[in-house]
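>>> Sequence below, structure please.
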Amino acid sequence: MKRLFITSILTLFIGLGTTSCREKTEKEKLIEQMEEEGAEIKVKDGGNKIKMETDDTEIKIKEDDGEVKIKKEVNN
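Got it, this is the predicted structure:
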């Protein structure tokens, strides 16, 4: 019983440790960056298409069949 308890506690700690430290994807990083800059964000098709605009930058993110396409335009 003691062995089962210790094993379950260790499994819990290992599980929490690996899920809480995951890396952010490029998509997540861009969304956070644009939110900080106060961008206008439009989401279409249930989150498969995202368009973010500031005064000088426009980013479009499209997700098809698990493949993410990112298009970035900088207006001068």
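>>> from here on, contacts and neighbour counts on C-alpha atoms
OK.
>>> distance between the lowest-mean-pLDDT helix or strand in the chain and the chain's centre?
When each helix and strand of the chain is scored by mean pLDDT, DSSP states H and E, helix 2-20 comes last, with a mean of 82. In terms of CA atoms, centre = their mean, to the nearest Å, the gap separating the centre of helix 2-20 from the centre of its chain is 26 Å.
>>> Over to stretch 6-24?
The answer for stretch 6-24 is 20 Å, by CA atoms, centre = their mean.
>>> So that it lines up with my notes, have the first residue be 23 from now on.
That works, and once the first residue is 23, the last one we named lands at stretch 28-46.
>>> Mind listing what's buried along the least confident helix or strand of the chain?
Neighbour counts over helix 24-42 (16 or more other CA atoms under 10 Å) mark no residue as buried.
>>> Check stretch 70-83 too.
So for stretch 70-83, counting by 16+ other CA under 10 Å, buried means 71-76, 80-83.
>>> Quick check: the two most widely separated of these?
Maximum pairwise distance among the buried residues of stretch 70-83 (CA to CA): 17.1 Å, between Lys71 and Thr76.
>>> sec struct for the closest residue to Lys73 other than its chain neighbours, please.
Distance criterion CA to CA, 6 or more residues apart in numbering; nearest residue to Lys73, sequence neighbours excluded, is Lys82 at 4.6 Å. Three-state call for Lys82 (DSSP: H, G, I helix; E, B strand; the rest coil): strand.
>>> thought Lys82 was touching Asn70?
No - Lys82 is beyond contact range of Asn70, at 10.5 Å (criterion: CA atoms under 8 Å).
>>> okay, stretch 86-98 in PDB with CA atoms only?
Coordinates of each C-alpha in stretch 86-98 appear next as PDB, following Å, rounded to 0.1, in the frame of the first residue of the first chain:
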ATOM      1  CA  ASP A  86      -5.400  23.500 -42.400                       C
ATOM      2  CA  ASP A  87      -5.200  19.800 -41.500                       C
ATOM      3  CA  GLY A  88      -2.800  20.500 -38.600                       C
ATOM      4  CA  GLU A  89      -0.500  22.600 -40.800                       C
ATOM      5  CA  VAL A  90      -0.100  26.200 -39.700                       C
ATOM      6  CA  LYS A  91       0.600  29.000 -42.300                       C
ATOM      7  CA  ILE A  92       1.700  32.400 -41.100                       C
ATOM      8  CA  LYS A  93       1.700  35.400 -43.300                       C
ATOM      9  CA  LYS A  94       3.300  38.600 -42.000                       C
ATOM     10  CA  GLU A  95       3.100  42.000 -43.700                       C
ATOM     11  CA  VAL A  96       4.800  45.200 -42.500                       C
ATOM     12  CA  ASN A  97       3.400  48.500 -43.800                       C
ATOM     13  CA  ASN A  98       5.800  51.400 -43.800                       C
END
